[in-house]
Structures are given as C-alpha cells and as structure tokens.
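> with the sequence up front, the predicted model follows.
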Amino acid sequence: MANANDNAAAELTTEYVTVTIGDHLFGLPIFRVQDVFVPDRLTRVPLAPPEVAGILNLRGRVVTAIDMRARLDLGARAPGAPVMAVGIELRAESYGLLVDSVGEVMALRNGACEAKPINLDPRLSRVAAGIYRLEGQLMVVLDVDRVLDIKNGAVAA
C-alpha cells in the first residue's frame, strides 16, 4: 500500500511562476508569490550588500528589492533593459525579487522534480531546491529562503 501512496505523491503537482534571469529559467513556487509588478522609484540603501537594489513603496508597504542578477552573480542588466519584480514575504518582511522577465505559471508533477545535479553551476546550486527538465531547457526551482539568506546581516531596511 505504501507504493500506492508513493505513486499518488508523485502525481501531485506544484504550480510555479516562471522567471528569467540572464539566460536561465527559474521557477518560484506560486504559494510563495504575493505580487508581480514593475518596480518604480527605487531608493538606495546606504551600506547595503550589492544584492540589495534598494527599497520601494508598493501600495503602502516598504519592499526591499533584491537584484537577482547580482544575487546570482550573473552580470549587470543592460542600461534601460526592462525589469520586473516578484513580490514575496519572509518572516513578515516584504521583498521584491528583480528579474529580467516573468513568464507563465506552470503546473509540474512533483515526481518529475529532480535533485540538483552535481555539475549545476555553483551560483545556481546554492539557491536551488531542485530542477525540472523541460522541452529543450532546464528550470531551476528557487528556494526562496536561500535566496534571501544574504550575507552582511539583515536584508530588510
């Protein structure tokens, strides 16, 4: 009977909001996503780590903007390139993950999620919860807690 339970668990699905950062496709579990928005008027935070792009006001909430390109060491965004943000919450603080683009919501079978391969780029591996092999590309599932585990103390302003 345990085998039937294992099969049922493998058939369960999780929905992911897909985002691109550089040339990479990532998935954020939809239950962690609060908002998707275009960031406006970032205010720099003195002495903040390079990953902290600044803070912004989103409908009355102070949101700490995390530049995912800097967080993953993927190089700077081209000047004037469009940027999107995915709003998430961690320990009652609001964050906006700055990404290059937001794609579709995908429902993927939990059983198809694989462990991080040993040869996955270490920049991606340190924030990955697993991977999905999709048609012609790899989707890295982001572990939001690890993404927000930024050195140099607290992230929230």
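Yes, it's here.

> excluding its backbone neighbours, what's nearest residue 134?
residue 25 (7.6 Å; Cβ to Cβ, 6 or more residues apart in numbering). Where C-beta positions appear, they are placed from N, C-alpha and C, glycine not excepted.

> can you pull up the bridge partners for the one you found?
Taking DSSP bridges, one finds residue 20, residue 139 as the beta-bridge partners of residue 25.

> let me know how buried residue 44 is, in neighbour terms.
Other residues lying near residue 44 total 9 when counted by other Cβ atoms under 10 Å.

> that should have said residue 111, apologies.
Other residues close to residue 111 by other Cβ under 10 Å number 14.

> next: residue 114.
Residue 114 has 12 neighbouring residues, counting by other Cβ under 10 Å.

> so it sits right up against residue 129, yeah?
No - applying Cβ atoms under 8 Å as the test, residue 114 and residue 129 come out as separate, 10.8 Å apart.

> between these two, which contacts overlap?
Common contact partners of residue 114 and residue 129 (Cβ atoms under 8 Å, 6 or more residues apart in numbering): none.

> strands along this structure, start to end?
13-21, 24-29, 33-37, 52-58, 61-67, 84-90, 93-99, 101-109, 128-134, 137-142 (DSSP state E).

> against residue 122, how distant is residue 77?
22 Å (Cβ to Cβ, to the nearest Å).

> one more: residue 95?
23 Å.

> out of the two, which sits in the busier spot?
Neighbour count, other Cβ under 10 Å: between residue 95 and residue 122, residue 95 has more, with 22 against 8.

> wait, what's in contact with the more buried one?
Taking Cβ under 8 Å, 6+ apart, we find residue 95 in contact with 63-66, 87-89, 148, 155-156.

> in CSV: those residues, plus neighbour count.
Shown next, in CSV, are the contacts of residue 95 (neighbours: other Cβ atoms under 10 Å):
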residue, neighbour count
63, 26
64, 23
65, 24
66, 24
87, 20
88, 23
89, 15
148, 20
155, 19
156, 16
